[in-house]
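>>> A predicted structure for the sequence below; I have some questions about it.
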Amino acid sequence: MGRELAACSPVFAARLASVRRRSRLIVDWSLAEVLNGVEGAPGLERVDVVQPALWAVMVSLAALWQAAGSNGRGGRSLAGEIGPPVVAGILSLDDAAKVVALRSQA
């Protein structure tokens, strides 16, 4: 779904690209490779990979929802805890990406 939305929604793609740029500084794997299913990329069965990947998609979805007129503050678990403060402008994307990466490694 994330790949398809990135291909057809400039808003989703822009936010996802922003998250990918930030994640390169925090984790030792490529979010782009994981989301695109590139051979050799770590799998989504790893908690330290799936949680940041899900959060990246959730934050990108929220940007899409906001562009469509919704407040974009949905989600649950990791995405619901860390996504809404980003959407509301309370937590920076950089800080949230660090929180997600570190929490998923715990």
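Structure received. Numbers count the residues shown, from 1 in each chain.
>>> where do the helices sit along the chain?
2-8, 10-23, 31-35, 47-67, 77-87, 93-105 (DSSP state H).
>>> to residue 41, which of those helices lies closest?
helix 31-35 (3.8 Å; Cβ to Cβ). Every C-beta, even on glycine, is put in place using the N, C-alpha and C of the backbone.
>>> pull the CA atoms of that closest one into CSV?
Output in CSV follows, covering the C-alpha atoms of helix 31-35 (Å, rounded to 0.1, in the frame of the first residue of the first chain):
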residue,chain,number,x,y,z
LEU,A,31,13.6,2.4,4.8
ALA,A,32,13.3,2.7,1.0
GLU,A,33,14.7,-0.8,0.5
VAL,A,34,12.5,-2.3,3.2
LEU,A,35,9.3,-0.7,1.8
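>>> going forward can the numbers begin at 34, since that is how I track them
Shifting the count to begin at 34 puts that one at helix 64-68.
>>> show me what counts as buried in that helix.
64-65, 67-68 (16 or more other Cβ atoms under 10 Å).
>>> any chance of these in a markdown table, plus pLDDT?
Converted to a markdown table, the buried residues of helix 64-68 look like this (pLDDT from 0 to 100):
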| residue | pLDDT |
| --- | --- |
| 64 | 92 |
| 65 | 92 |
| 67 | 94 |
| 68 | 91 |
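>>> from these, pick the one nearest residue 79.
Among these, and counting by Cβ to Cβ, the member closest to residue 79 is residue 67, at 9.3 Å.
>>> distance check, that closest one against residue 125.
23 Å (Cβ to Cβ, to the nearest Å).
>>> and what of residue 77?
The value you get for residue 77 to residue 125, if Cβ to Cβ is used, is 26 Å.
>>> what of residue 46?
20 Å.
>>> more crowded one of those two?
Neighbours per residue (other Cβ atoms under 10 Å) separate residue 46 from residue 125, with residue 46 holding more: 17 against 12.
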